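Q: all I have is the shape, not the residue letters:
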């Protein structure tokens, strides 16, 4: 407690240095926080699309069920599929009606006869899609084949870009924050040389002398995380309708952000902001630990 | 009891202390005298483990100071307080806060700190100035604050390195008064000084150092400071 009070006093006595450290921490943690959200969201979006049927095989009207089942069995025999779902003409009509229930005109015009039967195929790994494609090509009665691969590949490249660019920037800023906190704490130790000397002479333990400086770095991180968390919370509230429209359809995201008063949402928010605070505290503490190790040798 | 056994301290080729052996009993008041560079400050720094001897052993009771683990040095410094010529007060803290510092590090409760700090400020005569900052004090008052900070934790030994070096004669005697009071309650005092008049008047045990060696160790008998003696010295 004494160490915490002393650390707070040190901060108050040199407000400009404290402000510089907190601002740097804030920028780092803002980027880390946003990067984490973007990265997590892109992961779930990717998972969602990967979990969707990767190949949809539409059959000609004249194709018999025996041909469709033969293809289904051939695909299953490869051992490279997670699931194969047979959508009959009637199933297709039911789906069509479900999707267009608000438009009676469209419902009137369509009957089961004009909708094709299809197989929705999901591979165990995206790499197997080309193997499955070969099997499908050999089958008779296929009208059209639609691949999710293109969508998934675009998503993968975006996700990788987010991870690389965001991760590199966050990493660089984290190193920058550690260096700035280290420099500021180093300066403070130099400024308080006499106090350190006196504390040493009156019998203060090395940890009693070090602890306020260590905590000071951690506090910079916590304050920075607090401001970054606040900005992210405001941004999220502002963008909420947009996020709900575009990401709400992804089940893993929709269940959390769709119900802001649910336990799942509160737990996720608590874990996120807690993690941000912990990251800030750790970054600041690392900076001050380096400074203390370098400038406070007893 | 403090004991030095064949202690030598070398700074490169220079002998700061050379084969010094001496024993100081509990409750003694000892002057360390000698010209600049004689080894007085080195003697005191070895006692606080600010440095270690090149050879020889230093004991404080059953503690072998030169072999003390690094992690225990702060415990030694709680038993051996030091007063300096330049006071070493923290300028951004009041007299009370400077003195309280020595108790805060021991983790004492606020009410205990208040009780003990007020008590020692009474002893050194600074009760009415406890909320002033060092820059608002005279040199003598600063030295009294420094002494209060040193004794508030109840050290067994008080080392004073030229405590009157920056003070006028009258203030010097006031400081000596206080040191004598502290000695009277059983604290061992080792005081390095150049002030011949104080040494001659007080008739305490006097260890004379020259070129790092002890050239004399005279026990002059117990002597209490009298206001008359002080007036004589002043005049």
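A: Sure thing, it's come through. Quick caveat, the model's predicted, so the values are computed rather than measured.

Q: now residue A:92: closest residue in space, sequence neighbours ignored.
A: Closest residue to residue A:92 apart from its sequence neighbours, by C-beta to C-beta, 6 or more residues apart in numbering or on different chains: residue A:115 at 4.0 Å. C-betas here are computed from N, CA, C, even on glycine.

Q: ok, residue B:86 to residue B:198 distance?
A: From residue B:86 over to residue B:198 the distance is 19 Å, taken as C-beta to C-beta, to the nearest Å.

Q: give me every residue that touches residue A:294.
A: When contacts are counted by C-beta atoms under 8 Å, 6 or more residues apart in numbering or on different chains, residue A:294 touches A:182, A:186.

Q: related to what we said a few turns ago, more neighbours: which of residue B:86 and residue B:198?
A: residue B:198 (21 against 12; other C-beta atoms under 10 Å in any protein chain shown).

Q: please, where are all the strands along the chain?
A: Picking chain A for this. Per DSSP state E, chain A has strands spanning A:55-59, A:81-87, A:118-123, A:142-147. These are given in chain order.

Q: um, chain B though
A: According to DSSP E, the strands that chain B contains are B:2-11, B:14-24, B:29-33, B:55-60, B:63-64, B:80-84, B:157-161, B:188-192, B:205-210, B:213-218.

Q: tell me the strands beside the shortest one, with direction?
A: Here the strand partners of strand B:63-64, with direction, are listed using DSSP bridges: strand B:55-60 (antiparallel).

Q: burial measure for residue A:250, as a count.
A: Using other C-beta under 10 Å, residue A:250 is surrounded by 19 other residues.

Q: any idea how far it is from chain B?
A: When distance is defined by C-beta to the nearest C-beta, to the nearest Å, residue A:250 is 54 Å away from chain B.

Q: quick one, what contacts that residue?
A: Residues A:44-45, A:48 are the ones in contact with residue A:250 under the rule C-beta under 8 Å, 6+ apart.

Q: for chain A, which residue gets nearest to chain B?
A: Nearest residue of chain A to chain B, counting by C-beta to the nearest C-beta: residue A:203, 3.6 Å away.

Q: tally of neighbours for residue A:184?
A: 23.

Q: the longest helix seen in chain B packs against which elements?
A: With DSSP state H applied, the helix covering the greatest number of residues in chain B is identified as helix B:169-184. Contact partners of helix B:169-184 among helices and strands, from 3 or more C-beta pairs under 8 Å, 6 or more residues apart in numbering or on different chains; DSSP states H and E: strand B:29-33, helix B:110-123, helix B:139-151, strand B:157-161, strand B:188-192, helix B:196-202, helix B:227-234.

Q: can you pull out the low-pLDDT segments for the stretch 1-150 of chain A?
A: Across the stretch 1-150 of chain A, the ranges flagged by pLDDT under 70 are A:51, A:53, A:99, A:102-103.

Q: show me what from it comes close to chain B.
A: Within the stretch 1-150 of chain A, the positions lying close to chain B (C-beta under 8 Å from any C-beta of the partner chain) are A:2, A:13.

Q: the stretch 1-150 of chain A: helices as residue ranges?
A: A:2-13, A:15-51, A:65-77, A:89-99, A:104-109, A:129-138, A:149-161 (DSSP state H, counting those that start in this stretch).

Q: leaving out the residues flanking it, which one is nearest to residue A:17?
A: Among residues not flanking residue A:17 along the chain, residue A:184 sits closest, at 4.9 Å (C-beta to C-beta, 6+ apart).

Q: isn't that neighbour right up against residue A:20?
A: Yes: taking C-beta atoms under 8 Å as the definition, residue A:184 is a contact partner of residue A:20 at 6.8 Å.

Q: got CSV for the strands of chain B, with mean neighbour count and mean pLDDT too?
A: What follows is the strands of chain B, written out as CSV (neighbours: other C-beta atoms under 10 Å in any protein chain shown; pLDDT from 0 to 100):
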stretch, mean neighbour count, mean pLDDT
strand B:2-11, 18, 94
strand B:14-24, 18, 92
strand B:29-33, 22, 94
strand B:55-60, 17, 95
strand B:63-64, 14, 92
strand B:80-84, 24, 92
strand B:157-161, 23, 95
strand B:188-192, 24, 95
strand B:205-210, 19, 93
strand B:213-218, 14, 90
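
Q: Serialize those strands to JSON lines and add fields for distance to residue A:86.
A: Converted to JSON lines, these look like this (distance: least, C-beta to C-beta, whole Å):
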{"stretch": "strand B:2-11", "distance to residue A:86": "94"}
{"stretch": "strand B:14-24", "distance to residue A:86": "97"}
{"stretch": "strand B:29-33", "distance to residue A:86": "102"}
{"stretch": "strand B:55-60", "distance to residue A:86": "92"}
{"stretch": "strand B:63-64", "distance to residue A:86": "88"}
{"stretch": "strand B:80-84", "distance to residue A:86": "90"}
{"stretch": "strand B:157-161", "distance to residue A:86": "94"}
{"stretch": "strand B:188-192", "distance to residue A:86": "98"}
{"stretch": "strand B:205-210", "distance to residue A:86": "104"}
{"stretch": "strand B:213-218", "distance to residue A:86": "106"}
